[in-house]
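Peer 1: got a predicted structure here, sequence first:
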Amino acid sequence: MQKKRIAIADDHKLLRETLKSLINSTEGMEVVGEAADGVSAIHMVKSVLPDLLLLDVSLPKLSGISVLNNLKEELPDVKIMMLTIYDSDDYISEFLKAGADGYCLKDAGWKELLAAIETVLAGRTYVSSTQSSPAE
(Lines give C-alpha, C1' and ligand atoms only; values in the text may rest on other atoms or scores of the structure.)
Protein backbone atom coordinates (compact mmCIF):
# COMPACT_ATOMS: atom_id res chain seq x y z
CA MET A 1 0.00 0.00 0.00
CA GLN A 2 1.34 3.41 -0.96
CA LYS A 3 1.52 5.93 1.87
CA LYS A 4 -0.72 8.98 1.78
CA ARG A 5 1.41 12.07 1.24
CA ILE A 6 0.64 14.95 3.60
CA ALA A 7 2.00 18.50 3.69
CA ILE A 8 1.75 20.99 6.56
CA ALA A 9 1.56 24.78 6.35
CA ASP A 10 1.61 26.52 9.73
CA ASP A 11 3.68 29.38 11.06
CA HIS A 12 4.30 27.67 14.41
CA LYS A 13 7.34 25.40 14.18
CA LEU A 14 6.40 23.39 17.27
CA LEU A 15 2.99 22.54 15.81
CA ARG A 16 4.53 21.55 12.46
CA GLU A 17 7.11 19.33 14.16
CA THR A 18 4.49 17.73 16.42
CA LEU A 19 2.11 17.04 13.54
CA LYS A 20 4.97 15.68 11.45
CA SER A 21 6.00 13.29 14.22
CA LEU A 22 2.45 12.07 14.81
CA ILE A 23 1.65 11.67 11.11
CA ASN A 24 4.94 9.90 10.32
CA SER A 25 4.28 7.46 13.17
CA THR A 26 0.87 6.61 11.70
CA GLU A 27 0.76 3.64 9.36
CA GLY A 28 0.04 4.58 5.78
CA MET A 29 0.92 8.28 6.09
CA GLU A 30 4.00 10.42 5.64
CA VAL A 31 4.77 14.13 5.73
CA VAL A 32 6.34 15.18 2.44
CA GLY A 33 6.60 18.93 2.93
CA GLU A 34 6.34 21.82 5.37
CA ALA A 35 5.93 25.57 5.06
CA ALA A 36 5.84 28.45 7.55
CA ASP A 37 4.09 31.05 5.40
CA GLY A 38 1.53 31.26 2.61
CA VAL A 39 3.92 31.98 -0.25
CA SER A 40 6.17 29.06 0.73
CA ALA A 41 3.11 26.84 1.13
CA ILE A 42 2.06 27.38 -2.49
CA HIS A 43 5.57 26.68 -3.82
CA MET A 44 5.96 23.61 -1.59
CA VAL A 45 2.62 22.08 -2.59
CA LYS A 46 3.32 22.63 -6.29
CA SER A 47 6.69 20.97 -5.81
CA VAL A 48 5.73 17.89 -3.75
CA LEU A 49 2.09 17.40 -4.89
CA PRO A 50 0.73 15.94 -1.64
CA ASP A 51 -2.54 14.07 -1.31
CA LEU A 52 -3.52 16.44 1.52
CA LEU A 53 -2.42 19.85 2.78
CA LEU A 54 -3.07 20.76 6.42
CA LEU A 55 -3.35 24.54 6.10
CA ASP A 56 -3.38 27.12 8.89
CA VAL A 57 -6.01 29.82 8.39
CA SER A 58 -3.66 32.59 9.58
CA LEU A 59 -0.31 32.58 7.80
CA PRO A 60 2.23 35.35 7.23
CA LYS A 61 2.90 36.69 3.71
CA LEU A 62 -0.30 35.20 2.26
CA SER A 63 -3.48 34.25 4.12
CA GLY A 64 -4.89 30.75 4.31
CA ILE A 65 -7.87 31.73 2.15
CA SER A 66 -5.51 33.09 -0.53
CA VAL A 67 -3.45 29.89 -0.45
CA LEU A 68 -6.63 27.82 -0.65
CA ASN A 69 -7.97 29.81 -3.62
CA ASN A 70 -4.65 29.61 -5.49
CA LEU A 71 -4.15 25.88 -4.95
CA LYS A 72 -7.74 24.85 -5.66
CA GLU A 73 -7.57 26.76 -8.95
CA GLU A 74 -4.25 25.25 -10.04
CA LEU A 75 -4.31 21.85 -8.30
CA PRO A 76 -7.95 20.91 -7.68
CA ASP A 77 -7.10 17.29 -6.85
CA VAL A 78 -5.01 18.21 -3.79
CA LYS A 79 -7.22 17.90 -0.71
CA ILE A 80 -6.97 20.83 1.69
CA MET A 81 -8.00 20.82 5.34
CA MET A 82 -7.98 24.09 7.23
CA LEU A 83 -6.50 24.05 10.74
CA THR A 84 -7.58 26.89 12.97
CA ILE A 85 -8.40 28.21 16.40
CA TYR A 86 -11.50 29.94 14.98
CA ASP A 87 -14.70 28.10 15.88
CA SER A 88 -17.00 30.23 13.76
CA ASP A 89 -19.79 29.29 11.38
CA ASP A 90 -18.79 32.26 9.21
CA TYR A 91 -15.22 30.99 8.84
CA ILE A 92 -16.38 27.43 8.19
CA SER A 93 -18.81 28.60 5.53
CA GLU A 94 -16.22 30.87 3.88
CA PHE A 95 -13.58 28.15 3.61
CA LEU A 96 -15.94 25.40 2.49
CA LYS A 97 -17.37 27.69 -0.22
CA ALA A 98 -13.79 28.40 -1.34
CA GLY A 99 -13.18 24.69 -1.80
CA ALA A 100 -11.70 23.46 1.48
CA ASP A 101 -12.20 19.73 1.99
CA GLY A 102 -12.19 20.01 5.76
CA TYR A 103 -12.08 22.36 8.72
CA CYS A 104 -10.50 21.14 11.95
CA LEU A 105 -10.03 23.09 15.15
CA LYS A 106 -6.52 23.19 16.61
CA ASP A 107 -7.82 22.26 20.04
CA ALA A 108 -8.98 18.89 18.67
CA GLY A 109 -7.19 15.86 20.03
CA TRP A 110 -4.98 13.63 17.91
CA LYS A 111 -7.76 11.04 17.49
CA GLU A 112 -10.10 13.68 16.07
CA LEU A 113 -7.44 15.09 13.76
CA LEU A 114 -6.58 11.59 12.53
CA ALA A 115 -10.28 10.91 11.88
CA ALA A 116 -10.49 14.25 10.04
CA ILE A 117 -7.46 13.39 7.89
CA GLU A 118 -8.85 9.95 7.06
CA THR A 119 -12.28 11.43 6.24
CA VAL A 120 -10.84 14.02 3.86
CA LEU A 121 -8.48 11.52 2.22
CA ALA A 122 -11.52 9.29 1.63
CA GLY A 123 -13.13 12.10 -0.35
CA ARG A 124 -15.60 13.31 2.27
CA THR A 125 -15.83 16.71 3.94
CA TYR A 126 -14.89 17.01 7.61
CA VAL A 127 -15.93 19.82 9.96
CA SER A 128 -14.93 19.83 13.64
CA SER A 129 -17.72 19.73 16.13
CA THR A 130 -18.21 23.13 17.74
CA GLN A 131 -16.62 23.84 21.07
CA SER A 132 -19.47 26.00 22.34
CA SER A 133 -20.70 23.55 24.96
CA PRO A 134 -20.12 24.56 28.59
CA ALA A 135 -16.90 23.44 30.28
CA GLU A 136 -17.20 20.46 32.56
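Peer 2: Received, thanks. Because the structure is predicted, anything quoted here is derived from the model rather than measured.
Peer 1: how about the residue most central in space within the chain, nearest residue that isn't a chain neighbour?
Peer 2: When Cα atoms, centre = their mean is applied to the chain, the residue found nearest the centroid is L54 (1.9 Å). Once flanking residues are discounted, L54 sits nearest to I8: 4.9 Å by Cβ to Cβ, 6 or more residues apart in numbering. Heads up, the C-betas are built off the backbone N, CA and C, glycines and all.
Peer 1: contacting residues around that neighbour?
Peer 2: By Cβ atoms under 8 Å, 6 or more residues apart in numbering, the residues touching I8 are R16, L19, K20, I23, V31, G33, E34, A35, L53, L54.
Peer 1: just checking, the third one touches G33?
Peer 2: Same thing as K20. No - assessed by Cβ atoms under 8 Å, K20 is found out of contact with G33, at 9.9 Å.
Peer 1: looking at these two, which is more packed in?
Peer 2: Between K20 and G33, G33 has the larger neighbour count (other Cβ atoms under 10 Å), namely 20 against 16.
Peer 1: report the secondary structure state of the more buried one.
Peer 2: Secondary structure state of G33, per DSSP: H, G, I helix; E, B strand; the rest coil, is strand.
Peer 1: OK, contacts around it?
Peer 2: Residues near G33 by Cβ under 8 Å, 6+ apart: A7, I8, M44, V45, S47, V48, P50.
Peer 1: ditto for K4
Peer 2: By Cβ under 8 Å, 6+ apart, the contact list for K4 reads G28, M29, E30, D51, L52, L121.
Peer 1: go on, L52?
Peer 2: By Cβ under 8 Å, 6+ apart, L52 lies in contact with K4, R5, I6, A7, V78, K79, I80, M81, D101, I117, V120, L121.
Peer 1: recalculate using a threshold of 6 Å.
Peer 2: The contact partners of L52, taken as Cβ atoms under 6 Å, 6 or more residues apart in numbering, are I6, K79, L121.
Peer 1: the first one and E34 touch, don't they?
Peer 2: Read it as I6. No - counting by Cβ atoms under 6 Å, I6 does not reach E34; the two are 10.1 Å apart.
Peer 1: tell me the pLDDT at S88?
Peer 2: pLDDT, S88: 80.
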